[in-house]
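Engineer: Requesting a structural model of the entry that follows:
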Amino acid sequence: MKVALLTHTQGAHMSAYFTALAASPTCTEVILGDPDAHWFPIAKPVLGDKLTRSYTNITKLLEQERPKLCMVSMEARHAPTVIEAALDHGSHVFAEKPACTKPAQFRRLANLADSKHLHLMLALANRTNPETVAAARMIRQGQLGQLYGLDMHVIADQTRLRSKSYQSQWYADKDRAGGGHLAWLGIHWLDLAMMITGTRIESVAGFTTNIGGQPIQVEDSATATLRFSNRMLGTLTSGYYLDKGYHTQIRIWGEKGWLNIDSVGSSKLTWYLSSGSRAGEIQSFQGAVEPRGYSPFVDAVITAIARDTQPPIDTADSLHVIQCVYNIYRSATTGKTISNSDPH
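Structural biologist: Model (predicted):
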């Protein structure tokens, strides 16, 4: 299947996307849409013969190529216009998050996608990590029983925020990015919490701050309390705190035990059950933890679109997690608990 990659100089995760498209056996051709003419010489050595053409006019690309799938990686303030154009030309859309600076923008795009029977999918690639899939399967099988509570954190480095080059990027400007750490990294864990447990976050209460005091116009720290559709309560800490690397965790407690996901640790999934043949033992995931990240997720999306099957994330889930993020921001501003069914 032919895939169009629509971006510009400030496109995020481009090397990961080039690698993923090169590795995907279902992707047979890549068309690049890049008004800045920046990425072709960087992409060509990775994609080789798969990269056949590049356009500086994205509208012209959509009209002439009619791609079945467009991948959009643009700063958040520019993404909605390009996503709308792709949908209007009959293309499914895979978009780098957050793909908007206001939830109403994404809601309108989701409605447009639904009206055209197209998918609008956020690039939340941790969904296909092996430990994520295994944890979701355990919960679907009822191994934890009724779910009681959830705690999670995703912590990255404060070091990047001290860089002048980072401070000039769109990620560091709320008007261009929509938000900071929560919209960029915390969103992944909000999505995983719902995907793994098979629930929805119904309401949120949150706080944000710039605890490091760097000259950026977004938060470097966010916390939230969450109420889920099964009455479970949860918490999220999302921040830039470290000198290097990441700390991650999703811990879920249920009536029959608990499980813990640490995507950067050596034991990526551990669990404890209070009954069964290994009751009282802490067990570890023994399956393969590769492939993981963007390559398998992108291939799963391309394959689903090519075969008209269910993709690894759908429009409704993409919209819901966007609403969660922006409702946490709204809660931090208003001091109120916000329902995710409340449009704004």
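Engineer: what sits up against stretch 64-71?
Structural biologist: Residues outside stretch 64-71 that contact it (C-beta atoms under 8 Å, 6 or more residues apart in numbering): 1-6, 17, 21, 31, 53, 61-62, 86, 89-95, 298, 301-302, 305-306. Quick note: C-beta positions are derived from backbone N, CA and C, even for glycine.
Engineer: swap in stretch 337-344?
Structural biologist: Under the criterion C-beta under 8 Å, 6+ apart, residues 103-104, 107, 200-205, 320, 323-324, 326-328, 330-331 lie in contact with stretch 337-344.
Engineer: could you redo the last one with a cut-off of 7 Å?
Structural biologist: Residues outside stretch 337-344 that contact it (C-beta atoms under 7 Å, 6 or more residues apart in numbering): 103, 107, 201-205, 320, 323-324, 327, 330-331.
Engineer: Give me the average confidence score over that stretch.
Structural biologist: For stretch 337-344, mean pLDDT is 85.
Engineer: again with stretch 33-42
Structural biologist: 98.
Engineer: ok, now stretch 224-239?
Structural biologist: Stretch 224-239 shows a mean pLDDT of 98.
Engineer: next one: stretch 55-64
Structural biologist: 98.
Engineer: May I have that stretch as PDB, with CA atoms only?
Structural biologist: C-alpha atoms of stretch 55-64 as PDB (Å, rounded to 0.1, in the frame of the first residue of the first chain):
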ATOM      1  CA  TYR A  55       5.900  17.400  -3.000                       C
ATOM      2  CA  THR A  56       6.200  20.800  -1.500                       C
ATOM      3  CA  ASN A  57       2.400  21.400  -2.100                       C
ATOM      4  CA  ILE A  58       0.400  19.000   0.200                       C
ATOM      5  CA  THR A  59      -2.900  19.800  -1.600                       C
ATOM      6  CA  LYS A  60      -1.300  18.800  -4.900                       C
ATOM      7  CA  LEU A  61       0.000  15.600  -3.400                       C
ATOM      8  CA  LEU A  62      -3.500  14.700  -2.000                       C
ATOM      9  CA  GLU A  63      -5.100  15.500  -5.400                       C
ATOM     10  CA  GLN A  64      -2.600  13.600  -7.500                       C
END
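Engineer: Provide the secondary structure category for residue 250.
Structural biologist: Secondary structure state of residue 250, per DSSP: H, G, I helix; E, B strand; the rest coil, is strand.
Engineer: thinking again about what came up before, possible to save the contacts of stretch 337-344 as a markdown table with neighbour count and secondary structure?
Structural biologist: Putting the contacts of stretch 337-344 into a markdown table (neighbours: other C-beta atoms under 10 Å; DSSP: H, G, I helix; E, B strand; the rest coil) gives the following:
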| residue | neighbour count | secondary structure |
| --- | --- | --- |
| 103 | 22 | helix |
| 107 | 16 | helix |
| 201 | 25 | strand |
| 202 | 15 | strand |
| 203 | 18 | strand |
| 204 | 26 | strand |
| 205 | 18 | strand |
| 320 | 18 | helix |
| 323 | 24 | helix |
| 324 | 28 | helix |
| 327 | 24 | helix |
| 330 | 17 | helix |
| 331 | 20 | helix |
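Engineer: which of the contacts of stretch 64-71 count as buried?
Structural biologist: Buried members of the contacts of stretch 64-71, scored by 16 or more other C-beta atoms under 10 Å, are 2-6, 17, 21, 31, 61-62, 86, 89, 91-95, 298, 301-302, 305-306.
Engineer: Identify those among those that sit within helices.
Structural biologist: In helices, judged by DSSP state H, the following of these are found: 17, 21, 61-62, 86, 298, 301-302, 305-306.
Engineer: My understanding was that residue 14 contacts residue 36; is that so?
Structural biologist: No. Using C-beta atoms under 7 Å, residue 14 makes no contact with residue 36, being 11.9 Å away.
Engineer: Who has more neighbours out of those two?
Structural biologist: residue 14 (20 against 11; other C-beta atoms under 10 Å).
Engineer: now, which of the contacts of stretch 337-344 sits nearest residue 157?
Structural biologist: Nearest to residue 157 among the contacts of stretch 337-344 is residue 324, at 24.2 Å by C-beta to C-beta.
Engineer: how near is that closest one to residue 313?
Structural biologist: According to C-beta to C-beta, to the nearest Å, residue 324 stands 14 Å off from residue 313.
Engineer: Residue 87 too?
Structural biologist: Separation of residue 87 from residue 313 (C-beta to C-beta) stands at 16 Å.
Engineer: who has more neighbours, the two?
Structural biologist: Here residue 87 and residue 313 are compared on neighbour count by other C-beta under 10 Å; more neighbours surround residue 313, at 25 against 21.
Engineer: so what's that one up against?
Structural biologist: With C-beta under 7 Å, 6+ apart, residue 313 has these contacts: 121-122, 124, 127.
Engineer: Buried ones from these, can you make that a ChimeraX selection?
Structural biologist: Applying 16+ other C-beta under 10 Å to these, the buried members can be selected in ChimeraX as follows:
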select :121,122,124,127
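Engineer: Now render the contacts of residue 313 as a markdown table, adding pLDDT.
Structural biologist: As requested, the contacts of residue 313 are exported to a markdown table (pLDDT from 0 to 100):
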| residue | pLDDT |
| --- | --- |
| 121 | 98 |
| 122 | 98 |
| 124 | 98 |
| 127 | 98 |
